[in-house]
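1. Test case, fold it:
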Amino acid sequence: MNYSYFAMVGCEDFCRRLIWFFILVLLVMSGGCKLLDKDANYIAEEQVWEKIVKEAPGYGLEPTFVYAVCHAESSLDANAESSVAKGMMQLTEAAWSDVTKLHYRQAFEWETNVEVGMLYLQRLKGMLESQALFSYPRLAASYRYGYGALRKQKFMVSRLKTPINRIYRKLFAGNLKPVEPPQ
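-> Numbers count the residues shown, from 1 in each chain. Predicted coordinates for the structure are as follows:
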């Protein structure tokens, strides 16, 4: 075996470079680094919180709950997009169309997305209240999995699949402030 490279650069230096190389590879592969997501549009926490505090009570919603849903769905990325949902609150086209006549193209406008998201939460809350079953854990579950999925489980949140997302796990458990809002 040829050890001439180690003699030239030293084993310690080689190991350090190798570790940094693997860290970089892991970051790129996981997509976990905000700096590497060129399409992301993270909105300042203060801006989002200010809008929610001002408007959520008008929809009959607890601001800390709405703020937590925004974090759980997109980490406040206005350009978040999955195969079925768009924007900061990750609204599907069906949910969007249920509560507004605005074109779904506007889903990436964060302020519009949050407004429509609160309209949809208000609608779900009304559906739960009409059954005398409203609670914030049920509201979180119906937003995350759909009202029909919750109804199929006889409105028992504990029967639904436990979410992977830690914020949703806390919301399902009744914590209305799993994300600390900015001061």
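2. okay, CA-based contacts and neighbour counts for the rest of this
-> Will do.
3. Got the domain ranges for this structure?
-> 4-36, 45-172 (automatic domain parsing).
4. among these, which gets the worst mean confidence?
-> Set side by side, these give their lowest mean pLDDT on domain 4-36, at a mean of 62.
5. which SS class is the residue nearest the centre of the chain?
-> With distances taken as C-alpha atoms, centre = their mean, residue 73 lies nearest the centre of the chain, 1.5 Å away. Classification of residue 73 using DSSP: H, G, I helix; E, B strand; the rest coil returns helix.
6. I figured it was touching residue 88, is that so?
-> Yes. Using C-alpha atoms under 8 Å, residue 73 is in contact with residue 88, at 6.7 Å.
7. returning to what we had before: mean neighbour count, the domains of the chain: which tops it?
-> Among the domains of the chain, domain 45-172 has the highest mean neighbour count (mean count of other C-alpha atoms under 10 Å), at a mean of 18.
8. What is the end-to-end distance of that domain?
-> End-to-end distance of domain 45-172 (C-alpha to C-alpha, to the nearest Å): 23 Å.
9. which residues are in contact with both of residue 73 and residue 88?
-> With contacts defined as C-alpha atoms under 8 Å, 6 or more residues apart in numbering, no residue is shared by residue 73 and residue 88.
10. Make CSV out of the domains of the chain and add distance to residue 179.
-> Converted to CSV, those look like this (distance: least, C-alpha to C-alpha, whole Å):
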stretch, distance to residue 179
domain 4-36, 19
domain 45-172, 6
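11. Nearest to residue 181 among these would be which one?
-> domain 45-172 (6.7 Å; C-alpha to C-alpha).
12. For the residue nearest to the centre of the chain, give me its contacts.
-> Residue 73 makes contacts with 88-90, as judged by C-alpha under 8 Å, 6+ apart.
13. so can I have a markdown table of the residues you listed showing distance to residue 154?
-> Listed next are the contacts of residue 73 as a markdown table, based on distance: C-alpha to C-alpha, whole Å:
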| residue | distance to residue 154 |
| --- | --- |
| 88 | 29 |
| 89 | 26 |
| 90 | 25 |
